[in-house]
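Asks: I'll drop the sequence and a predicted model, then ask my questions.
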Protein chains: 6
Amino acid sequence: MQTNYNAKIQKAVEQLVAMQLDGSLYHCNQDGEPNPSIEELREIISLCRTILFPGFFGDNSSVNTTTLPYHVGVNMERLFVKLSGQLYAGMCFDSDNNLSSAERKCAAKDMASCFIEKLPEIRGILTTDVDAIFCGDPAAKNSGEIILSYPGIKAIVNYRIAHCLLTLGANILIPRIITEMAHSETGIDIHPGATIGERFAIDHGTGIVVGETCIIGNNVKLYQGVTLGAKSFPTDENNNPIKGIPRHPILEDNVVVYAGATILGRVTIGKDSVIGGNTWVTHDVAAGSVVTI
Amino acid sequence: MQTNYNAKIQKAVEQLVAMQLDGSLYHCNQDGEPNPSIEELREIISLCRTILFPGFFGDNSSVNTTTLPYHVGVNMERLFVKLSGQLYAGMCFDSDNNLSSAERKCAAKDMASCFIEKLPEIRGILTTDVDAIFCGDPAAKNSGEIILSYPGIKAIVNYRIAHCLLTLGANILIPRIITEMAHSETGIDIHPGATIGERFAIDHGTGIVVGETCIIGNNVKLYQGVTLGAKSFPTDENNNPIKGIPRHPILEDNVVVYAGATILGRVTIGKDSVIGGNTWVTHDVAAGSVVTI
Amino acid sequence: MQTNYNAKIQKAVEQLVAMQLDGSLYHCNQDGEPNPSIEELREIISLCRTILFPGFFGDNSSVNTTTLPYHVGVNMERLFVKLSGQLYAGMCFDSDNNLSSAERKCAAKDMASCFIEKLPEIRGILTTDVDAIFCGDPAAKNSGEIILSYPGIKAIVNYRIAHCLLTLGANILIPRIITEMAHSETGIDIHPGATIGERFAIDHGTGIVVGETCIIGNNVKLYQGVTLGAKSFPTDENNNPIKGIPRHPILEDNVVVYAGATILGRVTIGKDSVIGGNTWVTHDVAAGSVVTI
Amino acid sequence: MQTNYNAKIQKAVEQLVAMQLDGSLYHCNQDGEPNPSIEELREIISLCRTILFPGFFGDNSSVNTTTLPYHVGVNMERLFVKLSGQLYAGMCFDSDNNLSSAERKCAAKDMASCFIEKLPEIRGILTTDVDAIFCGDPAAKNSGEIILSYPGIKAIVNYRIAHCLLTLGANILIPRIITEMAHSETGIDIHPGATIGERFAIDHGTGIVVGETCIIGNNVKLYQGVTLGAKSFPTDENNNPIKGIPRHPILEDNVVVYAGATILGRVTIGKDSVIGGNTWVTHDVAAGSVVTI
Amino acid sequence: MQTNYNAKIQKAVEQLVAMQLDGSLYHCNQDGEPNPSIEELREIISLCRTILFPGFFGDNSSVNTTTLPYHVGVNMERLFVKLSGQLYAGMCFDSDNNLSSAERKCAAKDMASCFIEKLPEIRGILTTDVDAIFCGDPAAKNSGEIILSYPGIKAIVNYRIAHCLLTLGANILIPRIITEMAHSETGIDIHPGATIGERFAIDHGTGIVVGETCIIGNNVKLYQGVTLGAKSFPTDENNNPIKGIPRHPILEDNVVVYAGATILGRVTIGKDSVIGGNTWVTHDVAAGSVVTI
Amino acid sequence: MQTNYNAKIQKAVEQLVAMQLDGSLYHCNQDGEPNPSIEELREIISLCRTILFPGFFGDNSSVNTTTLPYHVGVNMERLFVKLSGQLYAGMCFDSDNNLSSAERKCAAKDMASCFIEKLPEIRGILTTDVDAIFCGDPAAKNSGEIILSYPGIKAIVNYRIAHCLLTLGANILIPRIITEMAHSETGIDIHPGATIGERFAIDHGTGIVVGETCIIGNNVKLYQGVTLGAKSFPTDENNNPIKGIPRHPILEDNVVVYAGATILGRVTIGKDSVIGGNTWVTHDVAAGSVVTI
C-alpha cells in the first residue's frame, strides 16, 4: 500500500523535475545566489516603520530621549544589512545584468546606503500624509490612531519606500513585492512607478488601484474602490504589450476622487476638481470641475 | 568603503533623531509604559474565537465534554491577562487621561473583567449571525464551514468584540486596531462605533465599508462592495472636521443591500427594503422599497 | 479585588460551557480526531508553490540541476504527509460519513496521492496562466515578477489546488479554506466549485467574486471588482436555499471583463465578448459582443 | 567550480544511501510511524514539572485557587496526548512487538492513562525528596529555591517519571531518553531501572552514576561524583554481556555516601552507614559502619 | 474507552488540585505577580555576554566602531528592563518581604540600575580571568577561543554576575538560578555567595564545586573535579542545619588545585601552595606547600 | 527617577564603549564578516546526525527506501551551505590569514566539500563505535537505544566531526566549539586534536578529559571521570606556555580505563592493559598490565 503511494510520489517527482529542467518557469540560482525573500522584505518594512515612527512600532522597550539614538542606530544598521541583501537578490534575477557577484554586492550596498540617506526626506513627506488623513477624517481621534491602524498610511509608507528604491535603480522585483505586500494587507494597489506628491490621503482604501505611470500632485485624496488605470495599451508586431508608455491619469493638486470612481487613460484631472462616486472618466477634466454620476 | 556607509548611516540616524525629538509624530513612552501590540491583539482575538467557538479553533487537543471547562478556563484567564495589558497600553496613549499608572492598570483590569462578563451575550448574538449567513447562502454546506472559512463571520466577530470594548470605555485605539485587523484579513471595514443588530449577514464582503455612526437593525444583509458612508462633514472655524456628528445611514430591520451599492449620509432605509447592486442612494428610502440602478 | 475578577471569570466560564454543551455551534472532536488547521493548510500551499515554481519560493538553498530532485522529493513527501492529515481532518467534520477512523485515514492517503499524481498537470495549466498574465500587462517585466508578486497568480494557484481536491472528493471545508486564504491575501474570491479553463488572467484583482457554479472557458481575463454572481436562489419549503443549483454565469473563450462589471445569474457571455467596466449584466450576451455602461 | 562541489555532494549521497540500505544502523520507519522525539519528551517533562509543582513552572499566568484546576486540567490532557504519542513511538522501535499499529496506539493510550493515575503518588514521594534536600543543605533558603534551581531535584523528577513508565511496560528507549536528559542537564546519571525509596537527596550531583539494578532505601543521600556501579559482568558463549543480572549495589535506609566514593558490584551497604569521600568499596558493609579512605 | 481515559484524567486532576490546595509545595502567585523565568534569565546572561564581549556574541550584524555604541546602548536598555523584571519576580518569592508591589518594582529597578553601574568593573575583572586562562593552557590559541568555547569562562561570567546581584541584595533565588545555569552548561558549580579574586582560572572544569562561604584570592587555578566543600554542619535544636556559618575553605593568592582534589571545611590553603590531584585535605596548609596523594 | 536610571545606563554604555575601543577583548568584524554562530554549528551537528543515522533523528516524516535519497540529498546540500559559512566565519577570526574575503569564501567551500567526501568514512568508523558500546554494556538493549540516548556516542560523533575538520585545516575555533558543545551536553571533554582509533567506547562519561595530543588505539574503553591529561608544560622566556608539544598519554589497542583514573603526561599504556578505578598513573605501563589502586 505504502509502496503504491511511494510509486506515485516518485513518478510525480520525476515528471516535475523533467518539466522544470526543460526550462519553463524554473529559476536556476547560480552558485548559491539568494532569492528575494518575502520574510526579509517584511522585516525591512517593519524596520522602516520602527525607524520612521519611533515609539509606535517595535518591541516593548521604553524608547525615550536617552535611548532613542541607540534604537534608531541599531535598526538602521540592521536595515542596511538586510536591504543590501535583498537588493542583491533582486539583481540576481536580472538576466541582462553582466556584473560579477562581487560587483553586484557592492552595487547593492551602495544603493542601500543611498536609500538610508533618503530616509529623513521620506519621513518628512510621510508627516504631511498623516496630517492630511487626520484633517480629512472626522472619525480620526489623533495621529497615533492613524499611524497604528489606518490602512491608507500603511499603503503609502510601502509605496514611498518602493518608489524610492525604484528611483535608485533597484530591480523592479523588490519594489513590486513591497507594494504588493501593502496591497495584500490593505487592498490598496499602488504601483511603485507612480509619482505622488505631498499630503496624499486615502480613506478606507479597499480596491484602490494606482497604475504604473500615474502622476498625482499635492493634497490629493482617494476613497475606496477608486481606479486610476489604463484604457488600452499598444502591442508590438508579436502582439506583446509595449512596456513603459504613459497610459495612466494625471491628477493635479487638491483633487478629490470619491468611492468607486474609475479614471482611465492618460487623461488630466485639473487641479481642485472633485470626481464623484461611481463615475467613469476617460477624458480630461478642467481645473475646478465637479464630475458626478 | 565601509567607512563611507557608516558615515551615511550615522548621518541619517542623527537627522532622524533630531526630527523626532522635535516632537512630530514621536510617541514618547513614559517610564516603560507599553505600546499597544498588534501581536498581542491578534492573540486576544484568537483566544476569543477559541472560547466562542470551541472545537473549531485552537490547538489540536481533543476538546471534549470532560476537558472543555479546563480549556475555556485557561483561555479565559489568558484573555483576562492579555486584554488587561492592551487596554492599559491603550490608556497610555490617551493624553487627556490624568490617572496614575496604578489607577490605569486597575481600570484596565476592571474593563477586561467586564468584557469577560459580556462574552456569553456576545456568543449568543454571534450564533444568530452564523445562522443568518447559513440561511442566506446556497453554497454553505454547514455552520462549521461558515465559522472556519467565511470572511463575513470573521469581520463580524472582530466588530462585536471591538464595539463591546468601545462601549465599556476603551481608548478608541484598541477597538480600531481590532476592526482594522479584520479589514486587512477580509476587506470588510466596519467601524467599532457602528451599532449593529442580530442576524447580521455579509456575503463575500470585500470592499464593504460601515461608517462610525451607522445604525443597523436586525436581520440585515450586505453584499461585497457596499458602502454605508458619510456624504460630507462640517468643519470648525479652523477647517478641521467636527468629530462625532451622526453622518452615516440608518438601516432598519430586514434590509438587503446588493453588491456595489453606495448609501451616503444620515439617511434612513426603511425596514424590509431592498437596495439593488451598484445603486447610489443619498436620501431616505421608505419601508418595503426596492431601489434599482 | 482579584477575587472579584476570578468570580467574573469563573461565572463566564460556566455560562459558556453550559451554552456549548447545549450543542449549538460546538464541535465535539471524537477521541482525539484532529481539526482542520489553517497553519497546516498554509504550509501545504507553500509546499505546492515551492514544488510548482522551484527556484522562486522556499528556503535560500541553492537549488540547481543536481539538487533539484532532492528538494522536489522531500517537499513532495512532506506534502503527502501534511495533505493526508488535513484531508483526514476534513472528513472528521463530515457528519454523514460512516467510515471508521482507520478507513478515513486510508481514504485520505489515497486522495492525497491522487492529488500528487495531478501536480504535473496543474503545473502545465499554471504555465499557461502565467503566460496569459504576462502577455496582458505592459507593467510586467518578466515571469519571475508575476510568480513572486502578482496577486492574480496567487489566487489562481490556490483555486486550481482547491478545485482539484474538490474533484477528488475532499470535504468542501478544506478546498474552501484554501480559496479563502487566497481571498484574504488578495481580495480575490473564487469558489473551488467553479470550472476555469487555461490561460486565465486576473489584473489587480481586489474585489473579484467568482461563484460556485461558474464555468469559464480558455483565455478569459478579469479585472478588479468583477462579480460573477447569482441573481437569486430558490428556497425549499422551509425557506432554506436549495443547494447546488447552477446559478452563476458561463463565460466562453476569450471573454474580457473590465473593472467593476457585475454579471449575475445563469447567463452565457458568448466567446470573444468584451464586458465594459461598471456594467450590470443579467442576461445572455452573444459571441463577439461589446457591452458598455 | 560549483559543479565540482555538486559532484562531491552527489557522490557522498550515493555512498551513504548505499551503506544505509545495506541495513546497518538504519532505522526504517514503517508507513509513517513516528520516531521518539526529544523535543516532545522535553515538553512532556516540562508539563509534568508544571503539573507537579504548580506556581513554580509554566507560563507567567497568575495561577490561583480559582484557576488552578483549569491549568492542571489542560496540562494533564496535553500530557496524555503527547505521552501516548511518545509511548507509541517507542513501541515502533520494538522489533519483537507483534501488535498492529492500532493495537499499539491503544496500548500506548492505556499506558499513558495509567501513568497519569500514578501522578499523585509521584507528587507525594517528590515532596519527601524536596524536604530531604532542604533538611540536608545549610545553603538552601527555602523549598522554592530547591524546586527552581537544584540539579538534584531535576534528576530525581526525571528518574521517578522514567522509572514509573518502565514499570508500566514502556519500551526502555523512552525512559532512557528521559533520564539521559537529566544526565545532560545535571551530570547525574540514574538508570530508570534502579529502585529508589523516599527522601532521596542529592547534593551538587555532577558525576553521580546509579546503575540499572541498584536498590536504594529511604532517606539516602549522595554527594557529587558517587558511582554505584557494576564490578564486572558475565558474558555468554558469544562474548556478549548477559543482560539483566543484578550487578549494582544495595544501599539500605539512611545511608550517606560522600563525594567521589565508588561502590561496585552487588554489595549491600547496611543501614545508617556512612561511606566517606573518595573511598573504593567492593564488598558488603555492615549496618552502622563508617568507611573512610 | 475514551470516557475511561477522561475519567482517569479527571480523577488525577482532582487529587492533585486537592494536594496543592493543602499548601504543600504550591506557590500561589498573588494577583498576577510574575514567576522567575529561566528563559528570561537565560536572555539576561546572553545580553550580558554580548555587552561584555562585543563582537563575539550576539546577532550577525557587523559591529564596528561606528555602530558599537548603538548596540551596547540597546542591549543595555533591554538588560535593564529584563533584569528589573526578574529581580522583582525574585522579591515576590520572598515571604518576609513586606513591601507593596509598587515599592518592590521600584526597588528592583534601583537594583538593576546599580548592577548596570557595576558592569564596567565586572568587565575589568573578567579581562584578567581570560588572560589567566590563556596563560595557563598550552592548547589555547587566542583569547577569542577562550571567550567562545571555554566552559571555565562561561562559569566565571555567570558567577561574577550572580555574586554582584547577591551583593546588591537580590533574593538568593535569582543568583542561584544564574549559577545553576552555568552548572548545567559546564558541570562547574560555584555558589554565588563565594568570594573570588582576580585572574581566576578553571581548566576543563567538569565536577568542580565551590561552596557558599569559600574565599578565594587572586590568581588561583582549579582543575576538573575539585571540591571546595563543607565537612559537616551544625544543626539547631530541631535538627535543621544552621544557615550562614562559614564552613568552606579559604584559598590564598596563587594557589593551584589539581584534578579531583577535595578540600573540606573552614581550612586555609596558604598562598603559593599546590594541592595535587586526587588529594583529600581537611586541615590548614601552610603557604608555599605542595600536597600530594 | 527614570532620568536617573537613564543616566546610569548612559554612563555605563560610555564606559564600556571606551574600554572596548581600547582594544581589549573586542572583536572588530571587518565589513560585515560573520561571527561563528553556536546556533548554526548546533544545526550542522544536527544535520550530520540526521545524515549519519537516518531514521533516528530529524523530522517525523516517514523516511523509507524511496524517500531516503531525497532526505539525504537535501540535508547534505544544507550541510554544505551552513558548514561553508561557519568555516568562513572561523577564518575571519584568524588574524594571520592574508586571504581576501572572496578567497576565504572559496577556501571554506573547498573545505566543506572535502568534509562531505569524508562522511561515508566517518559513518563507517562510527558504526564500529556503536558496536563497541553495545558489546560492553549489559544495560544496552539495542543499537537504537545507544544512538538515541547514550552520551558517549554523542561525544564521539562531535569529536569525529571536529577532528576531521581540524585535519582539513579549519581554524581551531570551529572544531573546539563543536567538541565543547558535546562537553556541555555530556560532561565528556575530548580535544579535537586527539587521535582516536576504531571501536572507541565510553560508558556514562561525565568528567572524562581527553587532551589535545592524546593518541588512542583501537578498541579502547573509558569510564566516567577518566582524565588523560598533561603533567606540566614548558614555558617560553616570557613564561607563556609553549604550544603544540606532545604532553598527553598514548593508549594502545584494547586498553580499558576504569572510573576516576588519572593518567598524566606523555606516557604509553601498553596494549591490553587495564587501568583500575581511581588510580593515578604518571609513568609508562607495559602491555598486558593491570594497574589498581
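Replies: On my side now, so go ahead. None of the values given here were measured: they were computed from a predicted structure.
Asks: quick one: stretch A:175-191 near chain B?
Replies: Yes: with CB under 8 Å from any CB of the partner chain as the criterion, chain B is reached by stretch A:175-191 at A:Glu185, A:Thr186, A:Gly187. C-betas here are computed from N, CA, C, even on glycine.
Asks: do you know how far the closest residue to A:Asp203 other than its chain neighbours is from A:Gly152?
Replies: The shortest distance from A:Asp203 to any non-neighbouring residue, by CB to CB, 6 or more residues apart in numbering or on different chains, is to A:Tyr223 (5.2 Å). From A:Tyr223 over to A:Gly152 the distance is 10 Å, taken as CB to CB, to the nearest Å.
Asks: And for A:Val257?
Replies: Applying CB to CB, the value for A:Val257 to A:Gly152 is 13 Å.
Asks: Could you do A:Gly90 as well?
Replies: 27 Å.
Asks: Check the stretch 101-250 of chain A for the residue nearest chain E and tell me.
Replies: With distances taken as CB to the nearest CB, the stretch 101-250 of chain A approaches chain E most closely at A:Lys109, which sits 11.2 Å away.
Asks: What strand or helix carries the closest residue to chain F within the stretch 101-250 of chain A?
Replies: Nearest to chain F, among the residues of the stretch 101-250 of chain A, is A:Ala102, at 6.4 Å (CB to the nearest CB). Per DSSP states H and E: A:Ala102 is located in helix A:101-135.
Asks: now the angle from that helix to helix F:101-136?
Replies: In terms of direction (axes from the mean of the first three to the mean of the last three CA atoms, to 10 degrees), helix A:101-135 departs from helix F:101-136 by 90 degrees.
Asks: Could you pull up the mean pLDDT of helix A:101-135?
Replies: Average pLDDT, helix A:101-135: 93.
Asks: can you check stretch A:212-232 too?
Replies: For stretch A:212-232, mean pLDDT rounds to 95.
Asks: So what's the gap between it and the chain middle?
Replies: 14 Å (CA atoms, centre = their mean, to the nearest Å).
Asks: CA-only coordinates of that stretch in PDB, if you can.
Replies: Extracted as PDB, the C-alpha positions of stretch A:212-232 are listed here (Å, rounded to 0.1, in the frame of the first residue of the first chain):
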ATOM      1  CA  GLU A 212       2.400  52.500 -13.100                       C
ATOM      2  CA  THR A 213       2.600  55.800 -15.000                       C
ATOM      3  CA  CYS A 214       0.200  57.900 -12.800                       C
ATOM      4  CA  ILE A 215       1.200  61.300 -11.800                       C
ATOM      5  CA  ILE A 216      -0.500  62.700  -8.600                       C
ATOM      6  CA  GLY A 217       0.000  66.200  -7.300                       C
ATOM      7  CA  ASN A 218      -0.100  67.500  -3.800                       C
ATOM      8  CA  ASN A 219      -3.000  67.300  -1.400                       C
ATOM      9  CA  VAL A 220      -4.900  64.700  -3.400                       C
ATOM     10  CA  LYS A 221      -7.500  62.400  -1.700                       C
ATOM     11  CA  LEU A 222      -8.800  59.000  -2.900                       C
ATOM     12  CA  TYR A 223     -11.600  57.000  -1.400                       C
ATOM     13  CA  GLN A 224     -12.100  53.200  -1.600                       C
ATOM     14  CA  GLY A 225     -12.600  51.500  -4.900                       C
ATOM     15  CA  VAL A 226     -11.000  54.200  -7.000                       C
ATOM     16  CA  THR A 227      -9.200  53.000 -10.100                       C
ATOM     17  CA  LEU A 228      -6.600  55.200 -11.800                       C
ATOM     18  CA  GLY A 229      -6.000  52.700 -14.700                       C
ATOM     19  CA  ALA A 230      -5.100  52.300 -18.400                       C
ATOM     20  CA  LYS A 231      -7.700  52.300 -21.100                       C
ATOM     21  CA  SER A 232      -5.800  50.100 -23.500                       C
END
